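Enquirer: Next input, structure requested:
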Amino acid sequence: MEQSQNQSNLSPDEIARYARHISLPEIGIKGQEKLKTSSVACIGTGGLGSPLLIYLAAAGIGRIGIIDFDVVEYSNLQRQIIHRTNSIGMLKTDSAKQQILKINPSCRVDLFNQELKSSNALEILTNYDVICDCSDNFPTRYLINDACLILKKPNIYGSISKFEGQASVFNLKEDSPNYRDLIPIPPPQELIPSCSEAGVMGILPGIIGTIQAAEAIKIITNIGDPLNGRLLIFDALKMRFKELNLKANPENRKIKKLIDYKIFCSNIKVKDDVEFDIISISVKELKILLSQSSKEILLIDVRNQMEHDECTILGSKLIPISTIESGEAINEIKSLSKNKNLYVFCKSGKRSLRAIKQLNKFGIRGINIEGGIDAWNKEKFI
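Expert: Numbers count the residues shown, from 1 in each chain. Below is the predicted model:
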């Protein structure tokens, strides 16, 4: 062992720090050196990214790239364990870097305080060996997937909702499945609740994010059997894991360039008895309309009472989507919207689309507010 240590690129302090790794025959000095010289990109510093980043730093990953443009909020602290109460209002990337360097000062941390887009994804991700998808929306997941295909990078995937989580490894080999083999066609966005809408058990992303970190370490050190071609599903309520096999469709690998994934995942057509276009406007356009002709506008907030009480748009009326989908609020909305233009918003724009679809069944046409209250707050409107 002494001879191996003397020949190692690890310092005495590093050998002491990673002693429990080094004592594992599967990892040893050589494996720890691989971790030190490796690089991992993490997209998202939320529930999944938090435990992943903590354990990658502790494991001795030499370089970590963090891509996120959000700020820390109180509601994050229940599950996003890399952030602290005194981090409220900070960029999540800055908050995460502080904690990473406290865990391991030797780790190089690259920050990308921006949204991952088709215009920057290849440039950012090309510099990392392993890509970890800790995102929370379908456009970003398809973007990460396609960028990894083009760059020939392994993609470690995680996803959570309520009490259930999923993990897999995509694009590990030339014949490996990728995300498009799991979900070939994006589901309608208005039918997919976010964590703020559906809720999530705080410990759940910790479990899935830690699994992602374990897969990254295994891939870098070339040990064990990664989740290649396998989807691991965890049910926290029943405390059960199950596994599904994934088969690769060669057609899903024929990605040559990145596209506009928000358009790709959008669902602007809604089909019931009739087909109609859902009209949407931006929060900036809404602000102008409210300043010019607020008396001609009925603005409905379809979130729940707690969300409405926390923050809303001045002059809006709370009518939760549950009362619209149950039919309870239909007559009230018909009466209120008479001779007025109806505008509908929620947190991010998903529930409002569902509400508009339901209202259309009763002959009530509404206009969707893109991005919802999140977009409104980002503009810092008074």
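Enquirer: any weak-confidence spans in the protein?
Expert: 1-7, 188-197, 267-277, 294, 381-382 (pLDDT under 70).
Enquirer: 80 instead, please
Expert: The model of the chain has pLDDT under 80 over residues 1-7, 187-198, 266-277, 292-295, 380-382.
Enquirer: got the domain boundaries for it?
Expert: Following automatic domain parsing, one gets these domains for the chain: 38-265, 269-378.
Enquirer: In a markdown table, list these along with distance to Tyr18.
Expert: No exception for glycine: its C-beta is placed from N, CA and C like everyone else's. Output for these, formatted as a markdown table (distance: least, C-beta to C-beta, whole Å):
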| stretch | distance to Tyr18 |
| --- | --- |
| domain 38-265 | 5 |
| domain 269-378 | 41 |
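Enquirer: out of these, nearest to Gly31?
Expert: Among those, domain 38-265 comes nearest to Gly31, with 4.0 Å by C-beta to C-beta.
Enquirer: now the domains of the chain in CSV, with distance to Ile22 and mean neighbour count?
Expert: Listed next are those as CSV, based on distance: least, C-beta to C-beta, whole Å; neighbours: other C-beta atoms under 10 Å:
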stretch, distance to Ile22, mean neighbour count
domain 38-265, 10, 19
domain 269-378, 46, 17
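Enquirer: Can you check which of these gets nearest to Lys30?
Expert: Nearest to Lys30, of the domains of the chain and by C-beta to C-beta, is domain 38-265 at 8.4 Å.
Enquirer: got the end-to-end distance for the closest one?
Expert: 33 Å (C-alpha to C-alpha, to the nearest Å).
Enquirer: Also stretch 366-373?
Expert: 17 Å.
Enquirer: List of residues touching that stretch?
Expert: 278-283, 286, 300-301, 303, 307, 311-313, 341-349, 352-353, 355-356, 359-360, 375-376, 378 (C-beta atoms under 8 Å, 6 or more residues apart in numbering).
Enquirer: now stretch 144-152
Expert: Residues from elsewhere that reach stretch 144-152 (C-beta under 8 Å, 6+ apart): 43, 116, 121-122, 125-126, 131, 133, 135, 153-155, 170-171, 178-180, 253, 255-259.
Enquirer: Can you name the next helix or strand after the top helix by length along the chain?
Expert: In terms of residue count, the longest helix belonging to the chain (DSSP state H) is helix 204-221. Using DSSP states H and E, the next helix or strand after helix 204-221 towards the C-terminus is strand 230-235.
Enquirer: partners of the next helix-or-strand element following that following strand in the sheet?
Expert: Using DSSP H and E, the helix or strand that follows strand 230-235 in sequence is strand 240-245. The strands beside strand 240-245 in its sheet (DSSP bridges) come out as strand 230-235 (antiparallel).
Enquirer: what's the closest non-adjacent residue to Ser8?
Expert: Ile29 (5.0 Å; C-beta to C-beta, 6 or more residues apart in numbering).
Enquirer: Count the neighbours of the one you found for me.
Expert: For Ile29, the neighbour count with other C-beta atoms under 10 Å is 18.
Enquirer: so how far is Arg63 from it?
Expert: 20 Å (C-beta to C-beta, to the nearest Å).
Enquirer: How about Gln32?
Expert: Separation of Gln32 from Arg63 (C-beta to C-beta): 15 Å.
Enquirer: quick one, strands of the stretch 151-300 of the chain?
Expert: Ranges of strands within the stretch 151-300 of the chain are 155-161, 164-170, 230-235, 240-245, 269-271, 275-277, 280-281, 297-301, based on DSSP state E, counting those that start in this stretch.
Enquirer: what's next to the second one, contact-wise?
Expert: With C-beta under 8 Å, 6+ apart as the contact definition, strand 164-170 has outside contacts at 145, 148, 154-160, 176-179, 181-182, 204-205, 207-208, 211-212, 215, 219, 226-228, 230-236, 246.
Enquirer: Now do it and strand 240-245, the angle between them.
Expert: 30 degrees (axes from the mean of the first three to the mean of the last three C-alpha atoms, to 10 degrees).
Enquirer: For strand 164-170, list the C-alpha coordinates in CSV.
Expert: Taking Å, rounded to 0.1, in the frame of the first residue of the first chain, the C-alpha atoms of strand 164-170 are listed here in CSV:
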residue,chain,number,x,y,z
GLU,A,164,-42.5,8.3,-6.3
GLY,A,165,-39.1,8.7,-7.9
GLN,A,166,-37.3,7.3,-11.0
ALA,A,167,-33.6,6.9,-11.9
SER,A,168,-31.8,5.6,-15.0
VAL,A,169,-28.6,5.9,-17.0
PHE,A,170,-29.1,6.9,-20.6
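Enquirer: Distance from the chain centre to that strand, please.
Expert: 13 Å (C-alpha atoms, centre = their mean, to the nearest Å).
Enquirer: by how many degrees do it and strand 155-161 diverge?
Expert: 170 degrees.
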